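In: This is a predicted model, with the sequence first.
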Amino acid sequence: MSLPVDDLCNNSLCNETTTEGTSLVTLTIDDLKELHRINNDPCLYAYCILFGIGSFGNFYALKDLVKARQLSQYINLLMAHLTFADLCVIFISLPIEIMWRITISWNAGDTSCRVIQSVRLFGMYLSSNIVVCISIDRLHAFTRSSRTGYRKYSKTFLISAYILALFLSLPQAAIYRVEYHPSFPDYAQCIQARWFVDSKLEKFYIAMCLLGMYFVPLIAIVFCYCKIFFHLHFDGQSIQFQDALYALQYRAVDARDNKDIRRVIARHHANRYSIILKAKRRTLKMTLIIVIAYLICWSPYACLILYYSFDYKSAQDIDPAIQEGILLFAVAHSCVNPFVYRINLVRRFPISLNRP
């Protein structure tokens, strides 16, 4: 979901007001493009860097998945779908942004404008939805001893992630269109037109977009990983209670006759408690990493969209460089996903203690 745009160019660049109050065009289309190109240079370099990092990270994750040959495991299947969603963002959204800043105007026609805006948003929604599926899968792995019945629901979650992403992204095809500048007929932009007749309907649509892309995934992530942490905490308390029972059970037994038994029991419970402590530390660390990464990437974007929704005129006064930086952060989430999830979650995340 891009920011609302009314004008095809900044009036201060296109027009010069005379003392009589009339507006005279003083710049040619080439001058206009050159001015915009200079202003877009830092963003162009930033998008190129993100494209390089995102391509490397996601292809590395994909290579790791193919090498493991364990796509039958549901977590790896989810990682494959997350990689696909992130690659949609990396190889559709970023190249479009890069080419757009090189050509300045939109030269691909109205149909491609509508299709590309829908596809780029589909990738962002799908990425967030798969993140939710991964959180649910990790929660189930820790809190359930059997995953037999979960297989049926896991497929439903995955299919729902695609359907929801498609449902929320399709309206972009109707909202976006190509518009031409009245003073420069050759200067076209793919912009978000004033499609909503009622402002309340527009705010409702924006609220639904933010719920699907930011708030619901964030709540699901925090809930799932916090529940995992508390599960490990109470599991550790249960082990301490079992140790106390074993101590009472063997207190009356002659230590000389049961020394080996005591040693085995002590070693078993010490090892199990050590695993619990390590799992708690790793889970807490991973929870912080996942939540912080999500907050850093998506919170500024969500706040900016809300600002535009409720105070459009004031939001337009924000420095364009700051707005571009915020949009960069949102796209960057698809670049950091492979590092946060594949490298840390799949390789280092502790397995469920309930599972054999």
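Out: All right, it came through fine. Numbers count the residues shown, from 1 in each chain.

In: and the closest residue to Ser154 other than its chain neighbours, how many neighbours?
Out: Beyond its immediate neighbours in the sequence, the residue positioned closest to Ser154 (Cβ to Cβ, 6 or more residues apart in numbering) is Tyr74, lying 5.5 Å away. All C-beta spots, glycine's among them, are computed from the backbone N, C-alpha and C. For Tyr74, the tally of surrounding residues (other Cβ atoms under 10 Å) stands at 20.

In: ditto for Asp317
Out: Around Asp317 sit 7 other residues, with neighbours defined as other Cβ under 10 Å.

In: Using the three-state scheme, assign it.
Out: For Asp317, the assignment made with DSSP: H, G, I helix; E, B strand; the rest coil gives coil.

In: Next one, pLDDT for it please.
Out: Asp317 is assigned a predicted lDDT (pLDDT) of 85.

In: Got the phi and psi for it?
Out: Backbone dihedrals for Asp317, given as degrees, to the nearest 10, come out at phi -80, psi -10.

In: And for Cys190?
Out: Its backbone dihedrals place Cys190 at phi -90, psi 100, with angles given as degrees, to the nearest 10.

In: Contact partners for it?
Out: Applying Cβ atoms under 8 Å, 6 or more residues apart in numbering to Cys190 gives the contacts 106, 108, 113, 116-117, 176-178.

In: mind listing which of the residues you listed are in strands?
Out: With strands identified by DSSP state E, the entries of the contacts of Cys190 that belong to them are 176-178.

In: As JSON lines, those with neighbour count and distance to Pro42 would be great.
Out: As requested, the ones in strands among the contacts of Cys190 are exported to JSON lines (neighbours: other Cβ atoms under 10 Å; distance: Cβ to Cβ, whole Å):
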{"residue": "Tyr176", "neighbour count": "23", "distance to Pro42": "25"}
{"residue": "Arg177", "neighbour count": "17", "distance to Pro42": "28"}
{"residue": "Val178", "neighbour count": "19", "distance to Pro42": "26"}
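
In: quick one: which of these is nearest to Leu201?
Out: Closest approach between these and Leu201, by Cβ to Cβ: Tyr176, at 16.7 Å.

In: hey, what's the closest one bridged with?
Out: Counting by DSSP bridges, Tyr176 is bridged to Gln192.

In: Now for Leu44, how many residues are close by?
Out: 16.

In: Please apply the same query to the one 5 residues further on.
Out: By the criterion of other Cβ under 10 Å, Ile49 has 13 neighbours.

In: same deal with the one 4 residues further on?
Out: Ile53 is flanked by 16 other residues according to other Cβ under 10 Å.

In: For the closest residue in space to it that isn't next to it in sequence, give its distance to Ile130.
Out: Nearest in space to Ile53, with sequence neighbours left out and distances taken as Cβ to Cβ, 6+ apart, is Cys335 at 4.9 Å. Using Cβ to Cβ, to the nearest Å, one obtains 15 Å as the distance from Cys335 to Ile130.

In: Likewise for Ala207?
Out: To Ile130, Ala207 is 22 Å away according to Cβ to Cβ.

In: between the two, who's got more neighbours?
Out: Legend: neighbour count by other Cβ under 10 Å for Ala207 and Ile130, higher for Ile130 (27 against 14).

In: Is it correct that Cys88 is in contact with Ile130?
Out: No: under the criterion of Cβ atoms under 8 Å, Cys88 lies out of contact with Ile130, with a separation of 11.2 Å.

In: how about JSON lines for the ones in strands among the contacts of Cys190, with distance to Ile96 added?
Out: Written out in JSON lines, the entries for those read as follows (distance: Cβ to Cβ, whole Å):
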{"residue": "Tyr176", "distance to Ile96": "12"}
{"residue": "Arg177", "distance to Ile96": "16"}
{"residue": "Val178", "distance to Ile96": "14"}
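
In: Reformat those as TSV; add distance to Ser199 and pLDDT.
Out: Converted to TSV, the ones in strands among the contacts of Cys190 look like this (distance: Cβ to Cβ, whole Å; pLDDT from 0 to 100):
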residue	distance to Ser199	pLDDT
Tyr176	18	89
Arg177	19	89
Val178	24	90
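
In: Having no further points to raise, I will conclude here.
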